[in-house]
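**Student:** Build me a model from this:
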Amino acid sequence: MTFTNIITIVFIIYIGLVAAIYFGQRSLIYYPDNNLGTPAQYGMPEMQVLGKSWYAPAQDETLPVIVFFHGNAGHIGHRGFKARMFLDQGYGVLLVGYRGYGGNSGSPSEKGLYEDARTALSDLSSKSIAKEQVVLYGESIGTGIAVQMALEGHGRALVLEAPYSSLEDIASQYYPIFPVSWLLKDRFDSIDKVDKISIPKLIVHGKKDEVIPQELGRRLFEKSAKPKQWNSFAKAGHNNLFEHGAGVAVLEFLKEMKGKQ
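**Tutor:** Purely as a prediction, here's the structure:
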């Protein structure tokens, strides 16, 4: 086999991989679980179904509703332990359901998840919850949704758990030999939005994050408009931030917000 033939074969394989990544990219980004039960099964009996989402009002009208946009895997029920922490402190919680997750129809995409978020916020406003009573909370890929909603004028504060600068930056680290900037359909370019968002922000990130390197979260923080806070957790990875105190840091941030009303 000649060198030219080898190069041709390598090139054909490479093009095939590029095509596979392009056409199958959303299956590499989103990992939905459709086996969703009831709120009570996840330790939140006070929550009720609201559209695709689960909702419980705040116990006190002076406390905000935490609108929670979860990450790329599982479903809203898997975030019950996080919601429980806020509910126990009297906060309202809206766990936002996505298309293609938890038995909902459709397939997830950046545009589709933004639409789901807007619908959930509209459903919340139908409960007479003003945007000044809303804290936007994004987890992992959900941080991109939270940032977009904040850019559109929703919320009085923004909490980002394990965020990223853009999906392109993450993909470039996983697939460095491929032209991901040309291939990506969903981009979640939070880095180009956060300097235009003036509401208070808290970013929490694990130093040992094996999914979204902390440097990407730090990059987003540096670009963010003030006021902003950064909390790094030395022993935390991507999925165990609450085990290392991130939830407590969020509660402290919320208390600070209440004190500034």
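**Student:** Any buried residues in stretch 68-86, and which?
**Tutor:** Neighbour-count burial for stretch 68-86, counted by 16 or more other C-beta atoms under 10 Å, picks out 68-72, 74-80, 82-86. Bear in mind the C-beta positions are built from the backbone N, C-alpha and C, glycine included.
**Student:** Determine how far the last residue of that stretch lies from the first.
**Tutor:** Separation of the first and last residues of stretch 68-86 by C-alpha to C-alpha, to the nearest Å is 11 Å.
**Student:** Take the buried residues of stretch 68-86 and keep only those in strands.
**Tutor:** Per DSSP state E, strands hold the following members of the buried residues of stretch 68-86: 68-69, 74.
**Student:** Mind picking the one among the residues you listed that's closest to Val204?
**Tutor:** Phe68 (13.8 Å; C-beta to C-beta).
**Student:** How far away from the center of its chain is stretch 23-30?
**Tutor:** In terms of C-alpha atoms, centre = their mean, to the nearest Å, the centre of stretch 23-30 is found 17 Å from the chain centre.
**Student:** now stretch 142-162
**Tutor:** 9 Å.
**Student:** in it, what counts as buried?
**Tutor:** Using 16+ other C-beta under 10 Å as the test for burial, stretch 142-162 gives 142-150, 154-162.
**Student:** Strands - which of those residues land there?
**Tutor:** 157-161.
**Student:** Redo those as a markdown table? Include distance to Ser122.
**Tutor:** Below are those laid out as a markdown table (distance: C-beta to C-beta, whole Å):
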| residue | distance to Ser122 |
| --- | --- |
| Ala157 | 20 |
| Leu158 | 19 |
| Val159 | 21 |
| Leu160 | 22 |
| Glu161 | 24 |
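**Student:** right, and the pair among those residues with maximum separation?
**Tutor:** In terms of C-beta to C-beta, these reach their longest pairwise distance at Ala157 and Glu161, which sit 13.5 Å apart.
**Student:** Distance check, Ser190 against Asn5.
**Tutor:** 45 Å (C-beta to C-beta, to the nearest Å).
**Student:** swap in Ile66?
**Tutor:** Counting by C-beta to C-beta - Ile66 and Asn5 are separated by 60 Å.
**Student:** do the same with Lys52
**Tutor:** Distance, Lys52 to Asn5, by C-beta to C-beta: 53 Å.
**Student:** Tell me which of the two has more neighbours.
**Tutor:** Remark: of Lys52 and Asn5, Lys52 carries more neighbours, 21 against 9, as counted by other C-beta atoms under 10 Å.
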